[in-house]
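Undergrad: here is my input, please return the structure:
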Amino acid sequence: QASGGEDEIQQLQKALLDYLDENTETDASLVFSRKFYIAQWFRDTTMETEKAIKSQKDEDSSEGTHHAKDVETTGQIMHRAESRKKFLRSIIKTAPSQFSTLKIYSDTVDYEDACLIVRYLASMRPFAQSFDIYLTQ
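TA: Below you'll find the predicted structure:
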């Protein structure tokens, strides 16, 4: 199920980057937005991987009985992180003009769709998920 969710997120990321790429001629700042999103997603992947591996080590030291399972899970975490980074690297290496020809979606994303994608992807970030906790404190 996680890989299905990952695929969906990557498709949304690619659709958003397509939208930004298509509109760079009308708004030059979108070039920087595109680079920012790619860098942010790469950083998020690294941070999430470090947290997941740290939590695996903490569980391993506290329980000690599921070591083989934890090693497998850590391997899966690393594999997932590498596939995400590979996806982002492929986007970085692709020239913007070539990138628009590699669309996953046949329909073009419009401004409203791009806003929805940004909101959805932002809601997946740790700060957005813990916003209620910050408010109650």
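Undergrad: can you say which helix or strand has the closest residue to residue 118 other than its chain neighbours in it?
TA: Nearest residue to residue 118 in three dimensions, chain neighbours excluded: residue 16, at 6.6 Å (C-beta to C-beta, 6 or more residues apart in numbering). (C-beta placed from N, C-alpha, C; glycine too.) With elements taken from DSSP states H and E, the one containing residue 16 is helix 2-22.
Undergrad: residue 9 is in contact with residue 121, isn't it?
TA: Yes - here residue 9 reaches residue 121: they are 7.2 Å apart, a contact under C-beta atoms under 8 Å.
Undergrad: for residue 114, grab phi and psi.
TA: Dihedral pair for residue 114: phi -60, psi -40, per degrees, to the nearest 10.
Undergrad: for residue 20, give its distance to residue 46.
TA: Using C-beta to C-beta, to the nearest Å, residue 20 is found at 22 Å from residue 46.
Undergrad: the two: which is more packed in?
TA: Neighbours per residue (other C-beta atoms under 10 Å) separate residue 20 from residue 46, with residue 20 holding more: 24 against 13.
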